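Asks: Give the three-dimensional model of this entry:
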Amino acid sequence: MTASAGHSSQPGAIPMSAARTTMPGTLVRPGTQQESVTAPAESPTQLALRRLRENRIGMIALAGFLLICSLSFTAPWFETHWAGRSATDQNLAGTEQIGGKRVEVVDIKGMPAIGPGLRKHYTFGADALGRDVFVRALAGGSVSLRVGFGATFICILLGTTVGLLGGFYGGATDKVLAYVVDVMIAFPFMLFAIALSAATAASGKLGPIPSTSILIPMLLLGLGGAWGFSRVIRANAKEMQAKEFVEAARALGADDGRIMLRHVLPHMVPTIITYFGILLAGMILGEAGLSFLGIGVQAPTPSWGNLIADGQAFYSTAWWIAGAGGLFVMLTVLCVNLLGEAVEEAFDPKAGR
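Replies: Residues are numbered from 1 along each chain as shown. Next comes the predicted model:
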């Protein structure tokens, strides 16, 4: 028998007219439903996080930075259970058992006599006052990191406020704020810091803040770095305030404050996150520089900067004093910079093209 057009002549065959082609070479029987499996679309934040996780250098830098933070903020544990002494405990007349013999911690000439070694006591050696350099480096790290994080938050808060107001409103407001930013950028920050340090040392305090408080270098660095960052935010705000969603919010009756906080500012979060690492690295270096000059974190509070300053008189004989502080500063800034670059690549829309 001749098969009718459009139908198969084989017994039990599915009529071709009733078959639906879903994929090349795939037939679906009538009455059956094919499950549609589609991957959910990634949000920009999820896409950025995935890119960041796939960046091996960025992940290594993140692990290194978290390790340094963990060691620094657990310094009290190392003081109690590792070195057996605090970061400020002096040991001018003490001795240590090293290599089967008793060695003075500080010799009769006042020079550190114990260098780095694989041991619990004086792992990074001793300084001129018999203090444990390893413990001082960890305790100094907690101080330097707190100053760095605090100064970065101050910088971002002030810079975002100034840049957002100037870029959003424009006109006279933008001109006045731009003049203020230009003046502050041209201001001799280091000379001001030295003068302020001399004034606080003479009076013993800066307003209600004691002269030995870490809030002083934190405020100095945060206020000094905010103005350059405000220019970045200002450029972003100028671009955002002309977007369609801002005009739509105005048409719906939203006031300027709501538009800035609910519509413009959230779009700047990727920029702020990207610059956070760059600013943090700069603040850590700034703290080390201020403390090295004696106008940052004040003794006896340890920091990486004043640890380097303590060892400047012993570069040729006890290099490990300055070397410990310099090593931690270098590794921390390196990790933060590499992590910042990875975050920038992750949030860059062109990164996946």
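
Asks: hey, where'd the strands end up in the chain?
Replies: For the chain, the strands defined by DSSP state E occupy 20-23, 26-28, 95-98, 101-104, 205-206, 209-210.

Asks: can you give me the mean pLDDT across the fourth one?
Replies: Strand 101-104 shows a mean pLDDT of 90 in the predicted model.

Asks: Can you give me the buried ones in that strand?
Replies: For strand 101-104, the buried set under the neighbour-count rule, 16 or more other Cβ atoms under 10 Å, comprises E104. Glycine gets a C-beta too; all of them are placed from N, C-alpha and C.

Asks: neighbouring contacts of that strand?
Replies: With Cβ atoms under 8 Å, 6 or more residues apart in numbering as the test, strand 101-104 has contacts from 94-97, 113-114.

Asks: Identify the residue nearest the geometric centre of this structure.
Replies: G277 (3.8 Å; Cα atoms, centre = their mean).

Asks: Name the nearest residue to it, ignoring sequence neighbours.
Replies: G340 (2.7 Å; Cβ to Cβ, 6 or more residues apart in numbering).

Asks: now do N55
Replies: A342 (4.4 Å).

Asks: Next up, the contacts around the one you found.
Replies: Contacts of A342 (Cβ under 8 Å, 6+ apart): 52, 55, 57-59, 61-62.

Asks: any idea which of those residues is the one closest to F192?
Replies: A61 (33.4 Å; Cβ to Cβ).

Asks: pretty sure the closest one is touching L331, no?
Replies: No - using Cβ atoms under 8 Å, A61 is not in contact with L331; the gap is 10.1 Å.

Asks: the more surrounded of these two?
Replies: With neighbours defined as other Cβ atoms under 10 Å, A61 and L331 compare such that A61 has more, 21 against 14.

Asks: Let me know the distance separating that one from L67.
Replies: 11 Å (Cβ to Cβ, to the nearest Å).

Asks: quick one: contacts of stretch 221-231?
Replies: Counting by Cβ under 8 Å, 6+ apart, 147, 150-160, 162-163, 166, 177, 181, 184-185, 189, 193, 275, 279, 282-283, 286-287, 290 sit against stretch 221-231.
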